[in-house]
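**Q** this one's structure only:
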């Protein structure tokens, strides 16, 4: 997962630098805010799944309700109050999906390979 976070920040930095071409603070700040929201959202999902696996089922539902409420409130403030560009916000938010679809499979495969290397497989060669 650490590799996904690193790639998200790197690709996000590239997108923010690219958004400076438009010379609009609402676009650049929208891309940046979308990236931060996506990374925080992934972190909260990771934490919730970890809690679910640890047996904390009661707190998981409330975490999702709080997360969704906070996300919608932040989107309202960022778009409605601060006037950030909605398309730029969605573009920044999509960084995480691009990173996971392009490099995440490789990182997950590496984790599987590392786990398999720790397990010795017996052969039927005699």
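**A** That came in fine, so what should we check first? For clarity, every value in this text was computed on a predicted model and none was experimentally measured. Numbering: from 1, shown residues only.

**Q** So residue 83, which state does it fall into?
**A** Assigned with DSSP: H, G, I helix; E, B strand; the rest coil, residue 83 falls in the coil class.

**Q** Now do the same contact list for it.
**A** Taking Cβ atoms under 8 Å, 6 or more residues apart in numbering as the definition of contact, the neighbours of residue 83 are residue 26. Heads up, the C-betas are built off the backbone N, CA and C, glycines and all.

**Q** Tell me how far it lies from residue 12.
**A** 21 Å (Cβ to Cβ, to the nearest Å).

**Q** same deal with residue 29?
**A** Remark: distance between residue 29 and residue 12 (Cβ to Cβ) = 13 Å.

**Q** pLDDT value on residue 36, please?
**A** The predicted local confidence for residue 36 comes out at a pLDDT of 93.

**Q** and residue 87, what does it touch?
**A** Residue 87 makes contacts with residue 30, as judged by Cβ under 8 Å, 6+ apart.

**Q** what pLDDT does it get?
**A** The predicted local confidence for residue 87 is 93.

**Q** for the one 4 residues further on, same thing?
**A** Predicted confidence (pLDDT) for residue 91: 91.

**Q** is it true that it touches residue 15?
**A** Yes: taking contacts as Cβ atoms under 8 Å, residue 91 lies within contact range of residue 15: 6.9 Å.

**Q** Which neighbours do these two have in common?
**A** Common contacts of residue 91 and residue 15 (Cβ under 8 Å, 6+ apart): residue 31.

**Q** what are the ranges of the strands in the protein?
**A** Ranges of strands within the chain: none, based on DSSP state E.

**Q** where do the helices sit along the protein?
**A** Taking DSSP state H to define them, one finds helices in the chain at 2-19, 25-53, 57-75, 86-93, 95-99, 105-117.

**Q** since we're on residue 50, how many residues are nearby?
**A** A total of 10 residues lie near residue 50 under the criterion other Cβ atoms under 10 Å.
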